[in-house]
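Chemist: Dropping a prediction and its sequence here:
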Amino acid sequence: MNLHSVFLRTQCTLPERFNPLRKPCGDSWMLVDETTAQVFDIMIRRTGWHFMWILGSCSRRGIALAREDAIQRALVRALGGIARRFNAAELESVQVARYPGFHVAKVTLQPRQIQQYTSLEIAVEQHPQAVPAR
């Protein structure tokens, strides 16, 4: 996982014949393996779909004895903070502070939306099951 990594909800619908490598991350998210958001955006747009950037980042903290465990806890919490109507997220930043005996990580994610349409309203009107209500 690196800055600008892409996360997809497990139920995220992708364009036909588009199947990037993914690894599980938490209960309902998948990490797109070795692809930055910029490259992923190009790949999605080549299929005629859209990888939309949504305002309003989500930050969460995690505490653990080990640095990586603190990051993982913060990441899972931040993914849980992404509104259910959005099916993707981009890793914006990771900050870790070390204290005697433990680490505190802060992970910030940017909500993203993958869809065929250019407007969020059109997607909801034509396919209400594709973007669940809050």
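Modeler: Yep, that arrived.

Chemist: going forward, measure contacts and count neighbours with C-alpha atoms only.
Modeler: Noted.

Chemist: Check the spacing between residue 110 and residue 56 real quick.
Modeler: From residue 110 across to residue 56, the span is 7 Å (Cα to Cα, to the nearest Å).

Chemist: okay, the two: which has more neighbours?
Modeler: The neighbour comparison of residue 110 against residue 56 (other Cα atoms under 10 Å) goes to residue 110, with 22 against 10.

Chemist: in what helix or strand does the more buried one lie?
Modeler: Take DSSP states H and E as the rule and residue 110 turns out to sit in strand 102-115.

Chemist: and that strand, which residues are buried?
Modeler: For strand 102-115, burial by neighbour count (16 or more other Cα atoms under 10 Å) applies to 103-115.

Chemist: Please apply the same query to stretch 92-101.
Modeler: Buried-residue list, stretch 92-101, by 16+ other Cα under 10 Å: 92, 94, 96.

Chemist: Could you list which of those residues belong to strands?
Modeler: Among these, DSSP state E puts 92, 94, 96 in strands.

Chemist: Point out where the chain drops to low pLDDT.
Modeler: Scanning the chain for pLDDT under 70 picks out 120-134.

Chemist: Run a quick check on residue 77 versus residue 63, I expect a contact.
Modeler: No. Residue 77 is not in contact with residue 63 according to Cα atoms under 8 Å; the separation is 11.2 Å.

Chemist: In contact with residue 70: list those residues for me.
Modeler: 61, 62, 63, 64, 103, 104, 105 (Cα atoms under 8 Å, 6 or more residues apart in numbering).

Chemist: If anything else comes up later, I'll come back, but that's it for now.
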